[in-house]
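# no sequence on this one, just coordinates:
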């Protein structure tokens, strides 16, 4: 399995921007469909965005569409989540995830991903 490590979280104000990164090691990033999920205490893990292996196609949840952008740099082995116009409702622990390499399509189901990072906390508060 590939190893994932998120970074870039923090405390920001509503309307601010933040960029999360996910560093991948142990394998070639270009072999994996990648995704971001988020979770708040007491709730299920929620799909945020996913991106195909070559980065040409992406899928977003309705709650973040137009504000958050997923991207990847397979040469740098890094996945990104650019977060703009942040809202208090975006407060959560954000995880990156990798889908097993035979699969080429994005998925909103966390059970379709088998490698996870430890998460990075994003808090949006005035």
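The structure has been received and is ready for your questions. These numbers were taken from a predicted model, which means no experiment stands behind them.
# use CA for all of it now, contacts and neighbours both
Will do.
# mind listing the strands for this structure?
With strands called from DSSP state E, the chain shows them at 3-7, 10-12, 18-25, 34-39, 46-51, 58-60, 68-73, 78-83, 92-98, 115-116, 120-124.
# what's the burial count for residue 75?
9 (other CA atoms under 10 Å).
# quick one: pLDDT of it?
Note on residue 75: pLDDT of 97.
# likewise residue 26?
95.
# ok, for it, nearest residue in space, not its chain neighbours?
Closest residue to residue 26 apart from its sequence neighbours, by CA to CA, 6 or more residues apart in numbering: residue 2 at 5.1 Å.
# Check whether the one you found really touches residue 114, as I assumed.
No: if you go by CA atoms under 8 Å, residue 2 and residue 114 don't touch, sitting 9.2 Å apart.
# shared neighbours of these two, anything?
Here residue 2 and residue 114 have residue 98 as joint contacts, going by CA atoms under 8 Å, 6 or more residues apart in numbering.
# which one of these two has more residues nearby?
Using other CA under 10 Å, the more surrounded residue of residue 2 and residue 114 is residue 2, with 18 against 12.
# Can you give the distance of stretch 14-29 from its chain's centre?
7 Å (CA atoms, centre = their mean, to the nearest Å).
# Run through who's touching it.
Stretch 14-29 has contacts (CA under 8 Å, 6+ apart) with 1-9, 12, 53, 74, 77-88, 96, 124-126.
# what would the strands of the chain look like in a markdown table with distance to residue 106?
Formatted as a markdown table, these follow (distance: least, CA to CA, whole Å):
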| stretch | distance to residue 106 |
| --- | --- |
| strand 3-7 | 18 |
| strand 10-12 | 27 |
| strand 18-25 | 17 |
| strand 34-39 | 8 |
| strand 46-51 | 6 |
| strand 58-60 | 7 |
| strand 68-73 | 12 |
| strand 78-83 | 14 |
| strand 92-98 | 10 |
| strand 115-116 | 14 |
| strand 120-124 | 22 |
